[in-house]
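1. Sharing a model that was predicted from the sequence below.
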Amino acid sequence: MKSNLFQFSISTRKSQEFMDITYLINEAIEKSDVQNGIAVVYCPHTTAGITINENGDPDVVRDILSTLNKVFPVQGDYRHFEGNSHAHIKSSYMGAEKTIIINENP
Amino acid sequence: MKSNLFQFSISTRKSQEFMDITYLINEAIEKSDVQNGIAVVYCPHTTAGITINENGDPDVVRDILSTLNKVFPVQGDYRHFEGNSHAHIKSSYMGAEKTIIINENP
Amino acid sequence: MKSNLFQFSISTRKSQEFMDITYLINEAIEKSDVQNGIAVVYCPHTTAGITINENGDPDVVRDILSTLNKVFPVQGDYRHFEGNSHAHIKSSYMGAEKTIIINENP
């Protein structure tokens, strides 16, 4: 079992959006040559999160963003001077690291 | 350190419920013969989540389900045609993968 | 690649608070002598969670605690006899395990 590290930079275009990073993870796993093991996907930005979902219908993404903004509203009784407390909360609750099983021979 | 993969299929009986899968994980760890390491538990269903909690009092399970349905209601301003957006949101926010420490000699 | 286990006990002083455990994790990683790999940080208390955030402005911590208490209120329609259902819910939704990438040579 060996260990590999790959870093990527991606840019968002909106204040809130989902970005599909599956292809980046697949590329990294291919380069790593790991057949069976795990991949730890981590985003160091503290106002971003990582989730695994099916991405079959864009309406799911819309529904998730819309609902999260009702539960953790952009404007609220926040004190943090940067005005992005809602994003810190969303990030902490979604989590910004996911551990993925690599299995080339299912 | 070696790597093992075990797959299980379980069926739910209700639209929303908690199922204790501790025994499945324990069985897999025993079969793996790993004494010290980690187990990555992952559910590929995008309307399910995995959590670690004590399962001492069934009322905790009832309280979690009940509260989540208040925060992320089954019926809402959703557009996803399958009508299960609330479950996708709950899943993304609880997470469907957990990494567990295996330590046979505490 | 080798495996290490370190255990720590810390005490909270309030019913709800954030405690920075970065130094404990750094100490464990140094002792482990792992240069490249992962650290799994886990808290077995089912009314606690672990999150990675920047801890730059104490107001972020205040905003997270305050918002979570609005979304998952301390007093509610709960049945669990111990009266801490809100904390079990917060824990299950934040998660009490995080997998961290160790990379001594970035």
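-> Yep, that arrived. Residues are numbered from 1 along each chain as shown, chains lettered A, B, ... in the order given.
2. Output the set of residues of chain A in proximity to chain B.
-> With Cβ under 8 Å from any Cβ of the partner chain as the criterion, chain A meets chain B at residues A:1, A:36-38, A:51-54, A:57, A:59-60, A:62-64, A:66-68, A:71, A:93-95, A:98-101, A:103. In this view, the C-beta of every residue, glycine as well, is placed from N, C-alpha and C.
3. If we use 6 Å, what do you get?
-> A:1, A:36-38, A:51, A:53-54, A:57, A:59-60, A:62-64, A:67, A:71, A:93, A:95, A:98-99, A:101, A:103 (Cβ under 6 Å from any Cβ of the partner chain).
4. Just the buried ones from those residues?
-> A:37-38, A:51, A:53, A:59-60, A:63-64, A:67, A:71, A:93, A:95, A:98-99 (16 or more other Cβ atoms under 10 Å in any protein chain shown).
5. follow-up on the earlier one: out of the residues of chain A next to chain B, name the ones that lie in helices.
-> Cross-referencing those against helices under DSSP state H gives A:D59, A:V60, A:R62, A:D63, A:I64, A:T67, A:V71, A:Y93.
6. which residues touch A:A87?
-> Residues near A:A87 by Cβ atoms under 6 Å, 6 or more residues apart in numbering or on different chains: A:T47.
7. Roughly how far does A:D20 sit from chain B?
-> 14 Å (Cβ to the nearest Cβ, to the nearest Å).
8. quick revisit: keep only the ones in helices among the residues of chain A next to chain B that also lie close to chain C.
-> Among those, the residues lying close to chain C (Cβ under 6 Å from any Cβ) are A:V71, A:Y93.
9. With pLDDT as added columns, please give the ones in helices among the residues of chain A next to chain B in a markdown table.
-> Shown next, in a markdown table, are those (pLDDT from 0 to 100):
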| residue | pLDDT |
| --- | --- |
| A:D59 | 92 |
| A:V60 | 93 |
| A:R62 | 95 |
| A:D63 | 95 |
| A:I64 | 95 |
| A:T67 | 95 |
| A:V71 | 96 |
| A:Y93 | 93 |
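10. Give the closest residue to the residue positioned nearest the centre of chain A in space, chain neighbours not counted.
-> Nearest to the geometric centre of chain A sits A:I50, at 1.8 Å (Cα atoms, centre = their mean). Counting by Cβ to Cβ, 6 or more residues apart in numbering or on different chains, A:I50 lies nearest to A:K98, which is 5.0 Å off, once chain neighbours are set aside.
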